[in-house]
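Colleague: My questions concern the predicted model and sequence given below.
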Amino acid sequence: MKTVILDRDGVINKNPPNSGYVTSWSDFTFLPNALEAIHNLTKSGFRIFLATNQAGIGKGLFTEKQLSIIHQQMISEINNNGGHIEYIYYCPHHPDDNCLCRKPKPGMLYSAAKEHDFEVTEACFVGDSISDIQAAQSAGAQPILVLTGHGRDSLSYFNRSDPKTKMPNKIFTNLYSASRWLLRTI
């Protein structure tokens, strides 16, 4: 079974410049070719899930209802462009809450695997941040770094010597180029 888990901000959509949080649909802008990448993965039989930290909820910047509206509109656009997201996992907690779901902890990846009957070790996780890569590595998923969003900063972090975090298995310019590799290899 071909399964890919995607981070949201910085992978599918641009990170907003001011607050750093997408608090409404007007803050949401798809990255170039992200819709096409999701369409191509869907068309080729990939199961696609999202795992996204949404600490803005825990910080009181937006509500779960507002996040739900954003996700409904995002899913609608993805569906209208021939893609399909099977399920969205999000962590609403404040970074200081020490929950089990906030990346770099692998809780969302484990939940997706358990609830949707796949082996997390056979999935790929595409993210733009150090915490995404660490979550993938902790769960045993194949970590893929994209250089959109925080990806370039994350790459410079990995290029420095850090014994705790290994360099991701694959690095791509964006979700579209990662999807092209996934389509050829998996």
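Modeller: That came through fine.
Colleague: Quick one: distance of stretch 149-157 to the chain centre.
Modeller: Averaging C-alpha positions (CA atoms, centre = their mean, to the nearest Å) puts stretch 149-157 15 Å from its chain's average.
Colleague: so where is this structure shaky, pLDDT-wise?
Modeller: The chain contains residues with pLDDT under 70 at 159-164.
Colleague: Recalculate using a threshold of 90.
Modeller: For the chain, residues meeting the criterion pLDDT under 90 lie at 1, 16-20, 155-167, 169, 186.
Colleague: most residues in a single strand of it, which one?
Modeller: Using DSSP state E, we find that the single longest strand of the chain is strand 47-53.
Colleague: now what about the next helix or strand after that strand, what contacts it?
Modeller: Per DSSP states H and E, the first helix or strand lying C-terminal to strand 47-53 is helix 55-58. If you take CB atoms under 8 Å, 6 or more residues apart in numbering as the criterion, helix 55-58 is touched by 19, 21, 23, 62-64, 67, 91-95, 97, 102. Every C-beta, even on glycine, is put in place using the N, C-alpha and C of the backbone.
Colleague: Just give me the neighbour total for Asn80.
Modeller: Residues within reach of Asn80, counting by other CB atoms under 10 Å, total 9.
Colleague: quick one, strands of the chain?
Modeller: Going by DSSP E, the chain shows strands at 3-6, 47-53, 87-91, 124-127, 142-146, 170-172.
Colleague: Determine the set of other helices and strands touching the shortest one.
Modeller: In other words, strand 170-172. strand 142-146, helix 175-185 (3 or more CB pairs under 8 Å, 6 or more residues apart in numbering; DSSP states H and E).
Colleague: Pick the most buried one from the ones you listed.
Modeller: Mean neighbours per residue, mean count of other CB atoms under 10 Å, is largest over the helices and strands packed on strand 170-172 for strand 142-146, with a mean of 26.
Colleague: From the contact counts, what lies against that one?
Modeller: By 3+ CB pairs under 8 Å, 6+ apart, strand 142-146 packs against strand 124-127, helix 130-139, helix 151-159, strand 170-172, helix 175-185.
Colleague: the inter-axis angle of it versus helix 130-139?
Modeller: Taking axes from the mean of the first three to the mean of the last three CA atoms, to 10 degrees, one finds strand 142-146 and helix 130-139 inclined to each other by 170 degrees.
Colleague: in the protein, which helix has the most residues?
Modeller: helix 64-80 (DSSP state H).
Colleague: From the contact counts, what lies against that one?
Modeller: Contact analysis of helix 64-80 by 3+ CB pairs under 8 Å, 6+ apart lists helix 34-43, strand 87-91 as its packing neighbours.
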